[in-house]
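Peer 1: Build me a model from this:
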Amino acid sequence: MRRILILLALLLLPASAAAQDEPRPVTILIGIDGFRPDYLTRGITPRLSELAASGATGDMRPSFPTKTFPNHYAIVTGRVPDHSGIVGNSMIDPRRPGQIFSMGNARQALDPFWWDDAEPVWVTAERAGIRTATMFWPGSEVAIRGQRPSDWLRFDQNVGNIQRVNTMLDWLRRPAAIRPAFATLYFDTVDTQGHRFGPDSAEVNAAVAEVDARIGDLVDSIAALGLQANIVIVADHGMRQTDDARVIQLDDLIDRASYIAVEAGPYAAIEPVAGTDERVAEALLVAHDHMTCHRKEDLPARLNYGTNPRVAAIICLAENGWTILSGPPAYPVSGGAHGYDNADPDMLALFVARGPAFAQGVRLPVFDNVAVAALLRAVMGLPQDPDADGKLADVSAALRP
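Peer 2: Next up is the predicted model:
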């Protein structure tokens, strides 16, 4: 009789109680640095192409400047670099005279001072009681507004892609109480090979195929664990072919002692040295072959750039495929680069979303990458940021009706 009563009680449990016992899908944000959307057309990405065909996909417009740190932070904060505070891979701040933030300088890159102007989605999630884990993502090593992910690792390029995926899977194998509900994964090899050899090289194709295989490993292993996952795959920017015959040398225009080149390359961020503003302006704010320069307050409005005090006084934009240098290059100019105008089609970035939260077989029109944060918030049930530059309406077609 007791066994019968227990069975009857189980049968009479409301559907909502049964649903509460089912594990909630994990949301995984995967960043593939420098992955252009057209790489999917090369016939070397069976796993990514299948995810795109069975989910939602589209070309994503990066924020300006089309650099790594600004766009990774735009994706997770929903704010363009001018509003997030991460206005470049290198930048200055008038409150920190004499200091230059650089993604290669750990002391600066790990200082919350540079990151606290905007809140990434993992901070919002943690404060809402959603456990997060980051297998590399710019900013995730920093205690932003006093909060880090529950699990995070300091970026190390020597950690290979297989090890990165295995680390993610180790987190997902945990008991539900300590398993992340939101996680990030980052691959840099496509970008690295793009810089060295150019976007149309055999080396880039090999890197694309290898990352595709690793994402396939992740998807298959998640299924084997019996978990459901909402997977969002993005790139921060694209890649354009460059060569050392298309170079603009700032030293030919102005003496080096008169300015600080905060950044150079497809765009240059120029800060005049004290007392040289007029001299630098006279040299740069005139017509040049293959380059246009503006005071930051005069930049085209469509760039959404120039109001932040961290933006250098003069911004110079190279013609697509050209490179602005200040002295000898720190790396070979031939190969590939990003940082060009975000209207350049070669700067477009990959977007794929597949999982129970997403529509199937949907192709989105080109949208701005700041909308991804709104999409992640919606999938995780977090409130939208009313001050964000990206809006859910821009990508709502990606969600399952």
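Peer 1: Strands of the stretch 201-350 of the chain, start to end?
Peer 2: For the stretch 201-350 of the chain, applying DSSP state E, counting those that start in this stretch gives strands covering 229-234, 240-242, 247-249, 259-263, 267-272, 291-295, 314-318, 323-325, 335-337, 349-354.
Peer 1: Packing partners of the helix of greatest length in the chain?
Peer 2: As assigned by DSSP state H, the longest helix anywhere in the chain is helix 202-224. Secondary-structure packing of helix 202-224 (3 or more CB pairs under 8 Å, 6 or more residues apart in numbering; DSSP states H and E): strand 26-32, helix 46-54, helix 161-172, strand 182-187, helix 189-197, strand 229-234. All C-beta atoms are positioned from the backbone trio N, CA, C, and that covers glycine.
Peer 1: any chance of these in JSON lines, with distance to Pro329, mean neighbour count and mean pLDDT too?
Peer 2: Shown next, in JSON lines, are the helices and strands packed on helix 202-224 (distance: least, CB to CB, whole Å; neighbours: other CB atoms under 10 Å; pLDDT from 0 to 100):
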{"stretch": "strand 26-32", "distance to Pro329": "26", "mean neighbour count": "25", "mean pLDDT": "98"}
{"stretch": "helix 46-54", "distance to Pro329": "33", "mean neighbour count": "18", "mean pLDDT": "98"}
{"stretch": "helix 161-172", "distance to Pro329": "28", "mean neighbour count": "17", "mean pLDDT": "98"}
{"stretch": "strand 182-187", "distance to Pro329": "26", "mean neighbour count": "24", "mean pLDDT": "98"}
{"stretch": "helix 189-197", "distance to Pro329": "12", "mean neighbour count": "22", "mean pLDDT": "98"}
{"stretch": "strand 229-234", "distance to Pro329": "29", "mean neighbour count": "23", "mean pLDDT": "98"}
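Peer 1: returning to that earlier point: tell me what angle the longest helix of the chain forms with helix 189-197.
Peer 2: Relative orientation of helix 202-224 versus helix 189-197 (axes from the mean of the first three to the mean of the last three CA atoms, to 10 degrees): 180 degrees.
Peer 1: What residues of helix 202-224 count as buried?
Peer 2: Going by neighbour count (16 or more other CB atoms under 10 Å), the buried part of helix 202-224 is 203-205, 207-219, 221-222.
Peer 1: Now do it, average pLDDT.
Peer 2: Helix 202-224 shows a mean pLDDT of 98.
Peer 1: And stretch 273-283, by the same measure?
Peer 2: For stretch 273-283, mean pLDDT rounds to 93.
Peer 1: so how far is it from its chain's centroid?
Peer 2: Relative to its chain's centre, stretch 273-283 lies at 34 Å (CA atoms, centre = their mean, to the nearest Å).
Peer 1: Same check on stretch 117-125?
Peer 2: Centre-to-centre, stretch 117-125 and its host chain are 14 Å apart (CA atoms, centre = their mean).
Peer 1: And that stretch, end to end?
Peer 2: Taking CA to CA, to the nearest Å, the first and last residues of stretch 117-125 lie 17 Å apart.
Peer 1: picking that back up, CSV please, covering the strands of the stretch 201-350 of the chain and showing distance to Gly98.
Peer 2: Output for those, formatted as CSV (distance: least, CB to CB, whole Å):
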stretch, distance to Gly98
strand 229-234, 35
strand 240-242, 32
strand 247-249, 26
strand 259-263, 10
strand 267-272, 12
strand 291-295, 23
strand 314-318, 19
strand 323-325, 24
strand 335-337, 28
strand 349-354, 34
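Peer 1: if I read this right, Ala128 contacts Leu382, doesn't it?
Peer 2: Yes. Here Ala128 reaches Leu382: they are 5.9 Å apart, a contact under CB atoms under 8 Å.
Peer 1: More neighbours: these two, which one.
Peer 2: Summary of the neighbour comparison: Ala128 and Leu382, criterion other CB atoms under 10 Å, with Leu382 having more neighbours (18 against 12).
Peer 1: How is this protein partitioned into domains?
Peer 2: With automatic domain parsing as the criterion, the domains of the chain are listed as 24-241+342-398, 244-333.
Peer 1: ranking the ones you listed by burial, who's on top?
Peer 2: A comparison of the domains of the chain by mean neighbour count, using mean count of other CB atoms under 10 Å, puts domain 24-241+342-398 on top with a mean of 20.
Peer 1: Between the two ends of that one, how far is it?
Peer 2: Terminal residues of domain 24-241+342-398 are spaced 19 Å apart (CA to CA).
Peer 1: same check, this time on stretch 267-280
Peer 2: 16 Å.
Peer 1: so where do the strands sit in the stretch 51-200 of the chain?
Peer 2: Taking DSSP E, counting those that start in this stretch as the test, the strands found in the stretch 51-200 of the chain are 56-61, 90-91, 101-102, 132-135, 151-152, 182-187.
Peer 1: Within its sheet, name the partner strands of the first one and how each one runs.
Peer 2: This means strand 56-61. Here strand 56-61 has these sheet partners by DSSP bridges: strand 349-354 (antiparallel), strand 362-368 (parallel).
Peer 1: Can I get those strands in CSV including mean pLDDT?
Peer 2: Below are these laid out as CSV (pLDDT from 0 to 100):
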stretch, mean pLDDT
strand 349-354, 98
strand 362-368, 98
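Peer 1: so which of those comes closest to Asn304?
Peer 2: Taking CB to CB, strand 362-368 is the member of the strands paired with strand 56-61 nearest to Asn304, at 9.1 Å.
Peer 1: and of the helices and strands packed on helix 202-224, who's closest to Ala281?
Peer 2: Across the helices and strands packed on helix 202-224, Ala281 has its closest neighbour in helix 189-197 (31.9 Å, CB to CB).
Peer 1: okay, the angle between that closest one and strand 26-32?
Peer 2: Going by the same axes, to 10 degrees, helix 189-197 makes 0 degrees with strand 26-32.
Peer 1: the inter-axis angle of helix 189-197 versus helix 161-172?
Peer 2: Here the directions of helix 189-197 and helix 161-172 differ by 160 degrees (the same axes, to 10 degrees).
Peer 1: Which neighbouring elements make contact with helix 189-197?
Peer 2: Helix 189-197 sits against helix 202-224, strand 335-337, with contacts defined as 3+ CB pairs under 8 Å, 6+ apart.
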